[in-house]
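Enquirer: Predicted model, plus sequence, below.
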Amino acid sequence: MALVVHKYGGTSVANTERISAIADKVLLARRADDRVVVVVSAMSGETNRLMGLAHAISEQPSPRELDVLLSTGEQSTIALLCMALAERGVVARSYTGAQVRILTDTMHNKARIVDIDTTRLKADLASGKVVVVAGFQGVDEDGNITTLGRGGSDTTAVALAAALKADECRIYTDVDGVYTTDPRVVPAARRMDRLTYEEMLEMASLGAKVLQIRSVEFASKYNVPLRVLSSFEEGEGTLISGEDESMEQALISGVAFNRDEAQVTVQGVPDQPGIAFGILGPVADANIEVDMIIQNVGADGSTDFTFTVHRNDFDKAMGILRSTGNKLGARKVEGNAEIVKVSLVGVGMRSHAGIASKTFEVLAQESINIHMISTSEIKISVVIDEKYLELAVRALHKEFELEQATRVVC
Ligand code: ADP
Ligand code: ASP
Ligand code: MG
């Protein structure tokens, strides 16, 4: 008896017509797959609307109360979907994260799932019911409602699939699979039939928001076959799984980008031991995550230090640096919140030299200035001005021939 987890994102449940259409899909799946667990997001725009309400009342809403508020978005959808299923004669039961007991740590707004109690879900499935679970939320040990960070319903779905040992976790969304880059930016982007966890993890980490990073981590850790597909049209979508021998190892699997970046520079600090710690220590203490870091080669006993942070943390980081900069005798503290990170991702890059230089050549041809560079075995990232984002992504996508079905393989 197959067990399949379906997840429907915000646009897939945007209104009552869409919720009814999803109920039709679940009905079909129920006939074919025997046991179906459905995870849903809030209706599209709802999480942002709730966030707006909170910020209209308080500049810094209490993280605990924000979670109580945000979790209501998904709570509405599960109830509506169960009503639509009942209309079709399908016996379904809705559960909030807390009702299931999706146990998380206590980090409000970005909690991590630590355990899932599957008792009630298994009993419902065994008695032929469809189970509908609210995505994006859980509960901590003290009974406080938590949420899992934006895009967190993906993680709920994969974690449930892992806990229930589902045969497949299907992420239904508004695109029909994972593309070589965001198809909204490059219409010529190509859907991939298959991807490894490693490739998808890298794409997600570097900004491809089609899946929340943690959902891919979970899928990889527990070997959950994950499929991204459209809730609007039929199709096989993209299967993300472990590597198997028959899989082509693409040289480059895609171009990812992240608009949520900001860059900070501390100029003219003394070039001496402890300076990196002196600058980054207070930033870390303020719980600000730092991404790329560059320290220039010192000259005349002083050096410059640049790093990137999430754009939401930009003002906070600048405030901290102005004060540390003063203490450390920095000449100047500068920031730029209009930058983006563009990355070329590919497991096959490992064995190929010259990808980096070709990347730089493409950007040079477009007269795009690179502010920062970072590379690993399977990615090359550059920080550039936001205004060049589309141009850079399109040029790289074209130059590396990603729109072609027969990709360069190694
Ligand atoms: P949902 O609301 O269903 O969770 P999301 O908006 O979170 O949907 O994710 C789907 C969106 O991800 C697509 O509409 C697309 O614009 C974006 N996206 C970014 N990178 C990619 C990619 N490489 N492949 C497919 N979609 C991508
Ligand atoms: N509703 C949440 C969000 O908008 C979670 C999700 O959709 O995955 O981020
Ligand atoms: Mg999403």
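Expert: Perfect, I can see it now. Ligands and ions are numbered 1, 2, ... in the order given.
Enquirer: Next SSE downstream of the lengthiest helix in the chain?
Expert: The longest helix of the chain (DSSP state H) is helix 63-87. Per DSSP states H and E, helix 63-87 leads on to strand 92-95 as the next helix or strand towards the C-terminus.
Enquirer: Quick check: neighbours of that next one in the sheet, parallel or antiparallel?
Expert: strand 130-134 (parallel) (DSSP bridges).
Enquirer: which residues are in contact with the partner strand?
Expert: Residues outside strand 130-134 that contact it (Cβ atoms under 8 Å, 6 or more residues apart in numbering) are 26, 30, 36-40, 71, 74-75, 77-78, 81-82, 85, 90-97, 100, 102, 121, 124-125, 156, 160. Glycine gets a C-beta too; all of them are placed from N, C-alpha and C.
Enquirer: try stretch 81-98
Expert: Residues outside stretch 81-98 that contact it (Cβ under 8 Å, 6+ apart) are 13, 16, 19-20, 22-24, 26-27, 30, 38, 40, 71, 74-75, 78-79, 120-121, 124, 128-134, 136-139, 143, 145-146, 156.
Enquirer: So which of those belong to strands?
Expert: 38, 40, 130-134, 137-139, 145-146 (DSSP state E).
Enquirer: hmm, which two among those are most spread apart?
Expert: V130 and T146 (25.3 Å; Cβ to Cβ).
Enquirer: What remains of the contacts of stretch 81-98 if I keep only buried residues?
Expert: Among these, those classed as buried by 16 or more other Cβ atoms under 10 Å are 13, 19-20, 22-23, 26-27, 30, 38, 40, 71, 74-75, 78, 121, 124, 129-134, 136-139, 145-146, 156.
Enquirer: before we move on, back to that, just the ones in strands among the contacts of stretch 81-98 now: which is nearest T308?
Expert: T146 (27.6 Å).
Enquirer: Check whether the closest one really touches H108, as I assumed.
Expert: Yes: look at T146 against H108 with Cβ atoms under 8 Å: they come within range, at 5.8 Å.
Enquirer: got any residues that touch both of the two?
Expert: D67.
Enquirer: Any chance of JSON lines for the ones in strands among the contacts of stretch 81-98, columns pLDDT and distance to ligand 2?
Expert: Supplementary listing: the ones in strands among the contacts of stretch 81-98 in JSON lines, determined by pLDDT from 0 to 100; distance: Cβ to the nearest ligand atom, whole Å:
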{"residue": "V38", "pLDDT": "98", "distance to ligand 2": "14"}
{"residue": "V40", "pLDDT": "98", "distance to ligand 2": "9"}
{"residue": "V130", "pLDDT": "97", "distance to ligand 2": "20"}
{"residue": "V131", "pLDDT": "98", "distance to ligand 2": "18"}
{"residue": "V132", "pLDDT": "98", "distance to ligand 2": "15"}
{"residue": "V133", "pLDDT": "98", "distance to ligand 2": "13"}
{"residue": "A134", "pLDDT": "98", "distance to ligand 2": "10"}
{"residue": "Q137", "pLDDT": "98", "distance to ligand 2": "9"}
{"residue": "G138", "pLDDT": "98", "distance to ligand 2": "12"}
{"residue": "V139", "pLDDT": "98", "distance to ligand 2": "16"}
{"residue": "I145", "pLDDT": "98", "distance to ligand 2": "14"}
{"residue": "T146", "pLDDT": "98", "distance to ligand 2": "13"}
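Enquirer: Quick one: these as JSON lines, columns for distance to L280 too.
Expert: JSON lines is the format used below for these (distance: Cβ to Cβ, whole Å):
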{"residue": "V38", "distance to L280": "43"}
{"residue": "V40", "distance to L280": "40"}
{"residue": "V130", "distance to L280": "49"}
{"residue": "V131", "distance to L280": "45"}
{"residue": "V132", "distance to L280": "44"}
{"residue": "V133", "distance to L280": "40"}
{"residue": "A134", "distance to L280": "38"}
{"residue": "Q137", "distance to L280": "33"}
{"residue": "G138", "distance to L280": "31"}
{"residue": "V139", "distance to L280": "34"}
{"residue": "I145", "distance to L280": "33"}
{"residue": "T146", "distance to L280": "28"}
